[in-house]
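J.: just to be clear, the model below is a prediction. Sequence and coordinates:
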Amino acid sequence: LPSVADLQEIASEHKLGLSDGDLLELREAGTDMLQAFHCLNVLEEPTLRWGGQRDLGRKPTVSENLFGAWHWKTDLVASDDQRTSDLLLGCSVALKDNVCVAGIAMNNGSKMMEGFVPSQDATIVERILQAGGRIVGKTVCEDLCMSGGSHSSIPRPVHNPHCSDRCAGGSSSGSGVVVATGEVDMAIGGDQGGSIRTPASWCGVVGLKPSYGLVPYTGIVSVDPTLDHVGPLAKDVEKTSRLLEAIAGKDDLDPRQSIAGAPKFGSLRGLTESLPKNKDESLNLLRSVKIGVVKEGFDIAGVSERDVDACVQSLIESVLKPSVALVEEISIPEHSQAAKLHALIGLQGAYVTQFSSGGQPIGMKGHFMPDLMRHVKMCMESRASSLTWRCKLSLLLGGYLHKTYGGEFYGRAQNVVRGVTKCYDNALEKFDALLLPTHPFKAPRLVDPDNCSIKEFIAAAAGMGVNLSPFNLSGHPAISIPAAFLPVDDGASKLPVGVMLVGKRMGDKKLLKISRAVEILRGDIS
């Protein structure tokens, strides 16, 4: 039971005007309420842990980790009798280090989180193993998944595999790198504001943020339940589709899926086989496809680079216009403001969910990870000083908004999101997909976190989501595929540029078919 002093501290914070006598009476009145918690010691709490032998893995060696992309090396595979399909048989898979795997250390990219070992598995872990996939490790991500750069991870920054002094993109930085280098066939990333599509674009691979709720988020650290997405990265659309096919569908434990109207598990089976396989099939599919080119995604003042815009326009001219039924530039003015809405929601959502509720959203039905919630609380009380500048800023501003205005601005922003979402929906009534640069600029120089100012650190972590975060708000599926490589440093190196296609909500199947056709007709760009 709380002491009178404990209650007085809370009473003073909320200016309740209570005397010690009042508090003593209230404490006695609340005894029965608090003793109700003893029922948790009597009733059985369900857990998620997939059976079978488990290799707990090890830290990567220096020679295995040239770009700083690996957090942990494992070798998890299902036995023959545990497999339910061969969809991923023979495929190596890496998981972003915000995905719980029972018995495997998880830092969520943060020094603050060191020492946490989940006791349960995320739903997608079970699904990958049941489909025959081999989980070969956990990849480094940015500190609490709060950076679009790749300099805030521990123990060191993640380097771009095409040019080591450039950013790999975050927050799923390690996942993008290990796919690009060919160390794995496919990887899992998380995406609250572009964190799958950023490393996909800058590492030159394919990355899909699925429709909101299509893939269960159960057992994964949440930033804000309205922004959370988890999805695949791979070298091509076919492998991306294969991993999505294995993990998509309801698990009846993630309330995001019920809100979004997600289909049942297994409903995407056959998707990969239905993708176009050659140029003729691609041309046949695209003959009836209409593409809307979002004007506001190009020529963004102070952000866009001319060669990136020109690269994407070249793809439109050389691949799309000769192939599709219609390519038309359209204007969605709200797109230019949507990233600002995302910043408002992300700041306060992260404060409430990540910092205050242990990375699990309170107030929703579903399966929770109490051991994670307990560990985060302990870390916030004793280790918050070890957070990077980006996380400290998010905590400060989110806390200020919450303390000063309550949920007012969060609520107003969420209300406005409905109108923005409708604008994209309206455009997608006429077009099968929308198109814009994934990023309007190439991968920037990698910041040295130990030799930069606070301002430089923050600038290198933020501002990545101008074309990306709007679709975290709206929930539309969005995929980045490589468009071309552009020269940098006077031609000494080349960096990839991504083009993003956006589809109807829960229209991931059609989006992947269109993307695969574009990829085939684009040809080799290596």
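T.: Alright, I've got the coordinates. Numbering: from 1, shown residues only.
J.: can we go C-alpha only for contacts and neighbour counts from here?
T.: Fine.
J.: which parts of the stretch 301-450 of the chain are strands?
T.: Ranges of strands within the stretch 301-450 of the chain are 326-330, 433-437, based on DSSP state E, counting those that start in this stretch.
J.: closest to residue 344 out of those?
T.: Residue 344 lies closest to strand 433-437 among the strands of the stretch 301-450 of the chain, at 23.5 Å (Cα to Cα).
J.: direction included, what does the closest one pair against?
T.: strand 290-294 (parallel), strand 493-502 (antiparallel) (DSSP bridges).
J.: on that earlier part again, which one of the strands of the stretch 301-450 of the chain lies closest to residue 21?
T.: When those are ranked by proximity to residue 21, the top entry is strand 433-437, at 64.5 Å, counting by Cα to Cα.
J.: quick check: which of the strands of the stretch 301-450 of the chain is buried the most?
T.: The highest mean neighbour count among those, using mean count of other Cα atoms under 10 Å, belongs to strand 433-437: a mean of 25.
J.: who touches it?
T.: Defining contact as Cα atoms under 8 Å, 6 or more residues apart in numbering, one finds that strand 433-437 is touched by 290-295, 297-298, 308-309, 312, 428, 467, 498-504, 511.
J.: among those residues, name the buried ones.
T.: When burial is judged by neighbour count using 16 or more other Cα atoms under 10 Å, the buried members of these are 290-295, 297-298, 308-309, 312, 428, 467, 498-504, 511.
J.: can you pull the pLDDT of residue 52?
T.: Here, the pLDDT recorded for residue 52 equals 60.
J.: ugh, wrong one, residue 129
T.: If you check residue 129, the pLDDT there is 96.
J.: over to residue 526?
T.: The predicted local confidence for residue 526 comes out at a pLDDT of 83.
J.: distance between the helix or strand hosting residue 9 and the chain's centre?
T.: Assessed by DSSP states H and E, residue 9 sits inside helix 4-13. The offset between the C-alpha centroid of helix 4-13 and the centroid of the whole chain comes to 39 Å, using Cα atoms, centre = their mean, to the nearest Å.
J.: doesn't residue 284 fall inside a helix?
T.: Yes - when DSSP: H, G, I helix; E, B strand; the rest coil is applied, residue 284 is found to be in a helix.
J.: from residue 234, how far out is it?
T.: Taking Cα to Cα, to the nearest Å as the criterion, residue 284 is separated from residue 234 by 25 Å.
J.: these two: who's more crowded?
T.: When neighbours are counted by other Cα atoms under 10 Å, residue 234 comes out ahead of the other of residue 284 and residue 234, with 30 against 14.
J.: pLDDT score assigned to the closest residue to that one other than its chain neighbours?
T.: Nearest residue to residue 234, sequence neighbours excluded (Cα to Cα, 6 or more residues apart in numbering): residue 186, at 4.5 Å. Per-residue pLDDT puts residue 186 at 98.
J.: list the contacts for residue 186?
T.: Residue 186 sits next to 91, 92, 93, 94, 179, 232, 233, 234, 235, 239, 240, 243 when contact means Cα under 8 Å, 6+ apart.
J.: next one: residue 338
T.: Residue 338 is in contact with 417, 420, 469, 470, counting by Cα under 8 Å, 6+ apart.
J.: for residue 34, same thing?
T.: By Cα under 8 Å, 6+ apart, the residues touching residue 34 are residue 1.
J.: same check on residue 487?
T.: When contacts are counted by Cα under 8 Å, 6+ apart, residue 487 is found next to 493, 494, 495.
J.: will you turn the residues you listed into JSON lines that also has distance to residue 444 and pLDDT?
T.: Putting the contacts of residue 487 into JSON lines (distance: Cα to Cα, whole Å; pLDDT from 0 to 100) gives the following:
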{"residue": "493", "distance to residue 444": "13", "pLDDT": "94"}
{"residue": "494", "distance to residue 444": "12", "pLDDT": "97"}
{"residue": "495", "distance to residue 444": "10", "pLDDT": "98"}
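J.: can you select the buried ones from these in PyMOL?
T.: To isolate the buried ones among the contacts of residue 487 in PyMOL, judged by 16+ other Cα under 10 Å, type:
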select buried, resi 494+495
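J.: okay if I get the contacts of residue 487 as a markdown table plus distance to residue 265?
T.: Putting these into a markdown table (distance: Cα to Cα, whole Å) gives the following:
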| residue | distance to residue 265 |
| --- | --- |
| 493 | 43 |
| 494 | 41 |
| 495 | 38 |
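J.: nearest to residue 22 among the contacts of residue 487?
T.: Nearest to residue 22 among the contacts of residue 487, counting by Cα to Cα, is residue 495 at 67.1 Å.
J.: bridged to the closest one, which residues?
T.: Here residue 495 sits in beta bridges with residue 486, as judged by DSSP bridges.
J.: tell me how far it lies from residue 357.
T.: With the distance defined as Cα to Cα, residue 495 ends up 39 Å from residue 357.
J.: go on, residue 306?
T.: Distance, residue 306 to residue 357, by Cα to Cα: 43 Å.
J.: quick one, helices of the stretch 151-300 of the chain?
T.: Along the stretch 151-300 of the chain, the stretches classed as helices by DSSP state H, counting those that start in this stretch are 173-180, 197-203, 237-247, 255-260, 271-274, 279-286.
J.: what mean pLDDT does the shortest one get?
T.: Going back to what we said before, that points to helix 271-274. The predicted model assigns helix 271-274 a mean pLDDT of 98.
J.: what is that helix packed up against?
T.: Counting contacts by 3 or more Cα pairs under 8 Å, 6 or more residues apart in numbering; DSSP states H and E, helix 271-274 packs against helix 237-247.
J.: same thing but at 10 Å, please
T.: The helices and strands touching helix 271-274, judged by 3 or more Cα pairs under 10 Å, 6 or more residues apart in numbering; DSSP states H and E, are helix 237-247, helix 508-522.
J.: buried ones in that helix, by neighbour count?
T.: For helix 271-274, a neighbour-count test (16+ other Cα under 10 Å) marks 271, 272 as buried.
J.: right, and residue 406 touches residue 348 too?
T.: Yes - judged on Cα atoms under 10 Å, residue 406 makes contact with residue 348 at a distance of 9.4 Å.
J.: what's the closest of the strands paired with strand 433-437 to residue 273?
T.: Each of these was checked against residue 273 via Cα to Cα, and the shortest separation belongs to strand 493-502, namely 20.7 Å.
J.: out of the strands of the stretch 301-450 of the chain, flag the one nearest residue 274.
T.: For those, the distance to residue 274 is smallest for strand 433-437, at 18.3 Å, taking Cα to Cα.
J.: give me the pLDDT value at the spatially most central residue of the chain.
T.: Nearest to the geometric centre of the chain sits residue 191, at 1.6 Å (Cα atoms, centre = their mean). With respect to pLDDT, residue 191 has a value of 98.
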